[in-house]
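Asks: Next comes the sequence, and after it the predicted model I'd like to discuss.
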Amino acid sequence: MIKVLLFAGMQERAGKSEIQLNEPHLLVSEIKRKLETQYDFPQMFTGCLSAVNEEFADDDTEVRSGDVVAFIPPVSGG
Amino acid sequence: MIKVLLFAGMQERAGKSEIQLNEPHLLVSEIKRKLETQYDFPQMFTGCLSAVNEEFADDDTEVRSGDVVAFIPPVSGG
Amino acid sequence: MKPFEITENTISVQEVVDKVIHPDAGAVNTFIGTVREMTKGKRTTYLKYEAYIPMAEKQLSKIGEEIAAEWPDSKCAITHRIGELGISEIAVVIAVSTPHRAHSFEACRYAIERIKEIVPIWKKEHWEDGSMWVGDQLETTSYSKGHPESEGESK
Amino acid sequence: MKPFEITENTISVQEVVDKVIHPDAGAVNTFIGTVREMTKGKRTTYLKYEAYIPMAEKQLSKIGEEIAAEWPDSKCAITHRIGELGISEIAVVIAVSTPHRAHSFEACRYAIERIKEIVPIWKKEHWEDGSMWVGDQLETTSYSKGHPESEGESK
């Protein structure tokens, strides 16, 4: 199982902060496509970064069961 | 009477923080010469600034009875 | 004493400063971000900050490492608050100590710029008539080229 | 509440910061000068600061006026301590608030440089084997051309 975390505006649009995917492994890009279909939101990840296990990752980063994927909308701290 | 204030190293060398001059008026430069003679310290005011009534002044600023003259060695605050 | 921290509580400036003061430091520069009432002509009623807490603390530590590498003998501490903050409340305190003052200014400035680039914290502005996640619109900053790790100013 | 102050007491960073926080400020930059143990290879045991107090407070206010004129909507507070200070104790706290962060850094930097130029405060370093008024020797800075009012960096 892969855990996906959503934040800020994305979290509000999805209506949840956490999604579980019952897959042994996926690429980050595959997770994005899955969620865009599921939430019928074609540009859901525009401007978004990805992190796997709290480290920034790319679209082609492989994610395995047990990993935590987070989508990071443009940050605005400070 | 003119009040003269000394600080830091100058104060230590003169052995006092305040000197009274019984004069109706003097130039800053005249006060310097007077004190250099009195304290037998020819370069007493090297690198020093002068202030009259808490405002920076020049050698040719006139000082009158009632005024307060301060000699300001190189500052080192902060 | 955590030098890099996300908190839901009021931040004590003194507490963050105390984390970096030490015998070889002669200078401490502190940046404090507060909630401003007027932004682009709109009156903010309050802000809400949210963070991906464990990663945010990791990224703050990373900024600390970058600063330690760039400015010799410097020491850095950062606390960022999350939750709802009213006008004039403190959102972030950065403190950097260095032996000499010029470096403390440079390093502290670097820290706040990096926070705005690589730390997963989000701010939602609330006005009387609405609210918006800052950055969550096409007209504001969005990342186009992958991770921002390499985008930091090289000083 | 005096924004520009010479004191014999321990300085509270928070207290100085609180003097400049206000609804239109989004950024506060603070500079804190602390007593460093090692200077040019010599171990300081303590420092003694002395000031021409009324003039020093006037000059600090003057720096505040210069900052207000140069950086719009800024607010500045400075407290400088005098007397004997041990290692790591705080000698000076400067706080400048501005609407946007870049200005707070610039203005605070300006303030510390100006303090070192125009404010009648003197520091005596004490070591185990002696002491010296800083600046009171030919090899260190001395003014040669009259008042320093005009020597400030024009930014």
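Replies: Looks like it arrived, so ask away.

Asks: tell me the contacts of C:Trp122?
Replies: Neighbouring residues of C:Trp122 by C-beta atoms under 8 Å, 6 or more residues apart in numbering or on different chains: A:7-9, A:73, A:75-77, C:49-51, C:133-136. All C-beta spots, glycine's among them, are computed from the backbone N, C-alpha and C.

Asks: just those residues: which has the poorest pLDDT?
Replies: Minimum pLDDT for these is recorded at C:Asp136 (70).

Asks: Tell me the secondary structure of C:Glu84, please.
Replies: strand (DSSP: H, G, I helix; E, B strand; the rest coil).

Asks: Name the strands paired with the helix or strand of chain C with the lowest mean pLDDT and say parallel or antiparallel.
Replies: Ranked by mean pLDDT, DSSP states H and E, the helix or strand of chain C with the weakest confidence is strand C:38-39, at a mean of 90. Strand C:38-39 pairs in its sheet with strand C:42-51 (antiparallel), by DSSP bridges.

Asks: Next, count neighbours for A:Glu12.
Replies: 14 (other C-beta atoms under 10 Å in any protein chain shown).

Asks: Helices of chain C, start to end?
Replies: For chain C, the helices defined by DSSP state H cover C:13-18, C:53-70, C:101-118.

Asks: Nearest to chain B: which residue in chain C?
Replies: Residue of chain C nearest chain B, by C-beta to the nearest C-beta: C:Arg101 (8.1 Å).

Asks: State the distance from that residue to A:Ser65.
Replies: 52 Å (C-beta to C-beta, to the nearest Å).

Asks: Flag every buried residue along whichever strand or helix holds A:Glu12.
Replies: Element membership for A:Glu12 (DSSP states H and E) is helix A:8-14. By neighbour count with 16 or more other C-beta atoms under 10 Å in any protein chain shown, helix A:8-14 contains the buried residues A:Ala8, A:Gly9, A:Met10, A:Gln11, A:Ala14.

Asks: what's the distance between the third one and C:Asp136?
Replies: The reference is to A:Met10. 8 Å.

Asks: In chain A, what residue lies closest to chain B?
Replies: Chain A approaches chain B most closely through A:Gly78 (27.9 Å), counting by C-beta to the nearest C-beta.

Asks: Would you work out how far apart the start and end of stretch A:60-75 are?
Replies: Chord length of stretch A:60-75, first to last residue, is 22 Å (C-alpha to C-alpha, to the nearest Å).

Asks: So is that stretch next to chain D?
Replies: No - using C-beta under 8 Å from any C-beta of the partner chain, stretch A:60-75 stays clear of chain D, coming no nearer than 15.9 Å.

Asks: okay, the residue sitting furthest away from the middle of chain C: pLDDT?
Replies: Computed with C-alpha atoms, centre = their mean, the maximum C-alpha offset from the centroid of chain C is found at C:Asp129, amounting to 27.7 Å. Looking at C:Asp129, its pLDDT reads 91.

Asks: now swap in C:Pro72 and tell me
Replies: So C:Pro72 comes in at 93 (pLDDT).

Asks: now do the one 10 residues further on
Replies: Model confidence at C:Ile82, expressed as pLDDT, equals 98.

Asks: What is the neighbour count of it?
Replies: By other C-beta under 10 Å, 20 other residues sit near C:Ile82.

Asks: same question, C:Lys40
Replies: Number of residues near C:Lys40 (other C-beta under 10 Å) recorded here: 5.

Asks: How much space separates it from chain A?
Replies: According to C-beta to the nearest C-beta, to the nearest Å, C:Lys40 stands 14 Å off from chain A.

Asks: before we move on, what about C:Met1?
Replies: Separation of C:Met1 from chain A (C-beta to the nearest C-beta): 22 Å.

Asks: same deal with C:Lys75?
Replies: For C:Lys75, the distance to chain A - C-beta to the nearest C-beta - is 20 Å.

Asks: same question, C:Ile53
Replies: C:Ile53 is 10 Å from chain A, by C-beta to the nearest C-beta.

Asks: ok, that residue - contacts?
Replies: C:Ile6, C:Ile82.

Asks: do stretch A:7-14 and chain C meet?
Replies: Yes - Stretch A:7-14 is in contact with chain C by C-beta under 8 Å from any C-beta, via A:Phe7, A:Ala8, A:Gly9, A:Glu12.

Asks: how far is that stretch from where the chain is centred?
Replies: 11 Å (C-alpha atoms, centre = their mean, to the nearest Å).

Asks: Check stretch C:24-31 too.
Replies: The answer for stretch C:24-31 is 17 Å, by C-alpha atoms, centre = their mean.

Asks: Kindly report the same for stretch A:22-42.
Replies: How far stretch A:22-42 lies from its chain's middle: 8 Å, per C-alpha atoms, centre = their mean.

Asks: Give me the contacts around it.
Replies: Here stretch A:22-42 has contacts from A:1-2, A:4, A:13-14, A:19, A:21, A:43-45, A:50, A:52, A:57-65, A:69, A:71, using C-beta under 8 Å, 6+ apart.

Asks: which element is A:Val63 on?
Replies: Going by DSSP H and E, A:Val63 is part of strand A:62-64.

Asks: Show me what the next helix or strand after that strand is packed against.
Replies: Using DSSP H and E, the helix or strand that follows strand A:62-64 in sequence is strand A:68-72. Contact partners of strand A:68-72 among helices and strands, from 3 or more C-beta pairs under 8 Å, 6 or more residues apart in numbering or on different chains; DSSP states H and E: strand A:2-5, helix A:28-38, strand A:49-52.

Asks: And for strand A:68-72, what's in contact with it?
Replies: For strand A:68-72, the external contacting residues (C-beta under 8 Å, 6+ apart) are A:2-7, A:10, A:28, A:31-32, A:45, A:48-54, A:56-57, A:63, C:52, C:55, C:120.

Asks: Identify the residue nearest the geometric centre of chain A.
Replies: Closest-to-mean residue, chain A, C-alpha atoms, centre = their mean: A:Phe71 / 4.1 Å.

Asks: measure it to A:Phe7 for me?
Replies: Distance from A:Phe71 to A:Phe7, by C-beta to C-beta: 7 Å.

Asks: same deal with A:Asp67?
Replies: Distance from A:Asp67 to A:Phe7, by C-beta to C-beta: 17 Å.

Asks: and those two? which has more neighbours close in?
Replies: A side-by-side neighbour count of A:Asp67 and A:Phe7, using other C-beta under 10 Å, places A:Phe7 first with 21 against 17.

Asks: doesn't C:Ala25 make contact with the residue of chain C closest to chain B?
Replies: No - the pair C:Arg101 and C:Ala25 fails to qualify as a contact (C-beta atoms under 8 Å) at a distance of 10.2 Å.

Asks: Among those two, which residue is more densely surrounded?
Replies: Neighbours were counted for C:Arg101 and for C:Ala25 using other C-beta under 10 Å; C:Ala25 has more, 24 against 20.
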